[in-house]
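Engineer: quick one, structure for this:
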Amino acid sequence: KEVLLLLSQHVQAQLLSKLDNEEILPILEHLDPDDTTDLLQTLSKKRQKVLLELLSDDLQSKVSLLLEFDPKTAAGVMSLNYILVKEESTIGEVAEQMEIHERRTGKLPVVVVLKEQTVIGFLPGHRLAFARPTHSVQEYTKKISVVKHTAKYNDILDHFSEHPHSKVVVLGENKNVLGVIYADDVLRLVHEHESASLYDFAGVSD
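Structural biologist: The predicted structure is shown next:
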């Protein structure tokens with residue numbers, strides 16, 4: 001699966017077309033929802049629907065959400081690996097939420113901090129190792145950039161150039177948190193743009 005994710009979408013589509021659903025399903029089930037979504041989008045709408053119905057309930061719910069968005073926007077490249085906490089929460093309470101999330105997903109989440117439903121920052125993971133369980137999250141919150149879910153590829157790249165952080169939060173229409181974009185997602189976008197430019201230059205974009 002790691003190799004499959006490193007291939008271009010065109011090659012991914014070719015490989016997946018040669019596999020039956022029973023062979024593809026285990027691959028999709030062991031990927032993050034955003035990666036599963038990316039692979040499904042290389043297939044026909046008809047096959048997407050069939051495979052989506054075969055996914056586990058939790059993954060199906062997350063992938064269905066991601067498939068609603070334009071793949072060439074911030075929402076199309078975001079990850080759902082995050083948790084929301086209030087600024088008045090304690091470090092101990094956050095640690096418990098993180099543990100539950102990790103048991104469920106196998107990954108440590110980005111901790112997005114809210115003040116009255118508005119994003120005010122995130123809690124760096126290493127802070128948990130030094131803070132006391134009774135300390136307030138607010139004491140350790142760091143600023144984080146946000147982008148609208150409709151932001152296009154170029155807007156995302158420009159945003160990261162102006163705000164060179166490791167991640168940004170993606171907001172919905174009502175400024176609600178939809179997901180997080182990591183630096184490696186942006187690097188993948190840069191690679192895809194560079195490849196597309198080379199293909200266009202060589203006249204082999206198809």
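Engineer: please save the CA atoms from the host helix or strand of Gly76 in PDB.
Structural biologist: Taking DSSP states H and E as the definition, Gly76 sits inside helix 74-77. As requested, C-alpha coordinates have been extracted for helix 74-77 and formatted as PDB (Å, rounded to 0.1, in the frame of the first residue of the first chain):
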ATOM      1  CA  ALA A  74      -8.400  22.300   0.500                       C
ATOM      2  CA  ALA A  75     -11.200  20.000   1.600                       C
ATOM      3  CA  GLY A  76     -10.100  17.600  -1.000                       C
ATOM      4  CA  VAL A  77      -6.600  17.200   0.400                       C
END
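Engineer: same for it, what does it pack against?
Structural biologist: Helix 74-77 makes packing contacts with helix 153-162, strand 177-182, helix 183-202 when contacts are defined by 3 or more Cβ pairs under 8 Å, 6 or more residues apart in numbering; DSSP states H and E. All C-beta atoms are positioned from the backbone trio N, CA, C, and that covers glycine.
Engineer: rank those by mean pLDDT and give me the bottom one.
Structural biologist: Looking over those, mean pLDDT reaches its minimum on helix 183-202, with a mean of 62.
Engineer: give the contact list for the residue nearest the centre of the chain.
Structural biologist: Taking Cα atoms, centre = their mean as the criterion, Ser79 is the residue nearest the geometric centre of the chain, at 1.1 Å. Contact analysis of Ser79 by Cβ atoms under 8 Å, 6 or more residues apart in numbering lists 32-34, 179-182, 185.
Engineer: could you redo the last one with a cut-off of 7 Å?
Structural biologist: With contact taken as Cβ atoms under 7 Å, 6 or more residues apart in numbering, Ser79 is in contact with 32, 34, 179-180, 182.
Engineer: over to Val110?
Structural biologist: With Cβ under 7 Å, 6+ apart as the criterion, the residues that contact Val110 are 81-82, 122, 167, 180.
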